[in-house]
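Undergrad: Predicted structure and sequence below. I'll ask about it afterward.
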Amino acid sequence: MQKKEYFCMHNRNYLLMLRIVNAILDVFFPRTCPACGQLLGEHESICEECLSKLDRTQQALYRDNVVETIFEKEKHFSYGGSWLWYQKGTYLQKMIHMAKFGRGNPLWLEQMGREAAKEWEEYGFFDGIDVIVPIPLHPKRLRIRGFNQSEAIAKGMSDVLKIPMDTDHLTREVNNRKQSQSSKIEREHLKEGLFKVNHPEEWYEKTIMLVDDIITTGATFRAATHALKDVYNCKIVIFSLAKTK
Ligand SMILES: [Zn+2]
């Protein structure tokens with residue numbers, strides 16, 4: 001337990017430090033949009049124009065969307081959606097890929113989380129959600145990467161929605177290899193025991209929104225919903241920043 005708290009603190013300290021360093025650098029070297037090179041405003045990590053051009057799924061408006069079809073058979077699953085379409089060769093792909101492999105910018109992810117929350121809040125997508133839970137990384141991976149990309153997104157969302165983020169109850173028990181390197185059978189096998197819920201009673205009858213950066217096969221979310229199967233009368237909402245087409 002002690003160890004885990006250290007890593008969470010480590011993640012938060014990292015984000016805080018990054019924010020301070022960025023603020024200092026801004027004075028001397030104005031930041032530019034990573035997609036188009038235009039000068040950025042104070043809390044921006046992407047310019048408004050590039051933000052508006054990102055390919056929205058509009059899944060918040062549609063029940064039985066493709067994300068809901070993936071998870072409809074999972075116990076306690078209520079509804080879900082991905083904010084953007086993820087396609088190879090796009091700016092979004094580059095940024096998410098960089099974040100996943102440790103060279104990314106968690107502040108960019110936070111901004112993405114804030115923008116997604118602002119847009120979908122208007123559709124009522126987050127109504128009734130009690131807690132936002134980012135998909136955790138294994139502590140070893142977190143130490144190497146320095147931050148959890150899902151937590152950065154969830155933090156941005158939590159700030160806008162004023163819904164608490166919880167990084168304590170759901171833990172990752174297995175440090176599996178990169179999804180892309182695992183076979184389909186391996187991924188299915190990992191479903192059992194990949195995540196664990198600590199003190200499940202504290203989530204009884206709560207509506208829990210799980211947050212991750214991207215849905216490809218849905219194996220990670222499925223493993224997380226599996227860990228929540230014995231949480232009495234909970235409801236699971238699934239949100240990801242992007243979904244592969
Ligand atoms: Zn731009």
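TA: All right, it came through fine.
Undergrad: need the next SSE after the lowest-mean-pLDDT helix or strand in the chain, C-terminal direction.
TA: Least confident helix or strand, the chain: helix 184-190 with a mean of 59, by mean pLDDT, DSSP states H and E. Next in sequence after helix 184-190, counting helices and strands by DSSP states H and E, comes strand 195-197.
Undergrad: So which residues on this protein come close to the ion?
TA: For the chain, the contact set with the ion under C-beta under 5 Å from the ion comprises 33, 35, 36, 38, 47, 50. Using the backbone N, CA and C atoms, a C-beta is placed for each residue, glycine as well.
Undergrad: For ChimeraX, what selects the buried ones among the residues you listed?
TA: Typed into ChimeraX, the next command selects the buried ones out of the residues of the chain next to the ion (criterion: 16 or more other C-beta atoms under 10 Å):
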select :33,35,47,50
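Undergrad: For the residues of the chain next to the ion, give me JSON lines that also has distance to residue 74 and pLDDT.
TA: Listed next are those as JSON lines, based on distance: C-beta to C-beta, whole Å; pLDDT from 0 to 100:
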{"residue": "33", "distance to residue 74": "38", "pLDDT": "86"}
{"residue": "35", "distance to residue 74": "35", "pLDDT": "83"}
{"residue": "36", "distance to residue 74": "39", "pLDDT": "88"}
{"residue": "38", "distance to residue 74": "42", "pLDDT": "89"}
{"residue": "47", "distance to residue 74": "38", "pLDDT": "90"}
{"residue": "50", "distance to residue 74": "35", "pLDDT": "90"}
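Undergrad: how about the residues of the chain next to the ion in a markdown table, adding distance to residue 233 and secondary structure?
TA: Below are those laid out as a markdown table (distance: C-beta to C-beta, whole Å; DSSP: H, G, I helix; E, B strand; the rest coil):
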| residue | distance to residue 233 | secondary structure |
| --- | --- | --- |
| 33 | 45 | coil |
| 35 | 44 | coil |
| 36 | 47 | coil |
| 38 | 49 | coil |
| 47 | 44 | coil |
| 50 | 42 | helix |
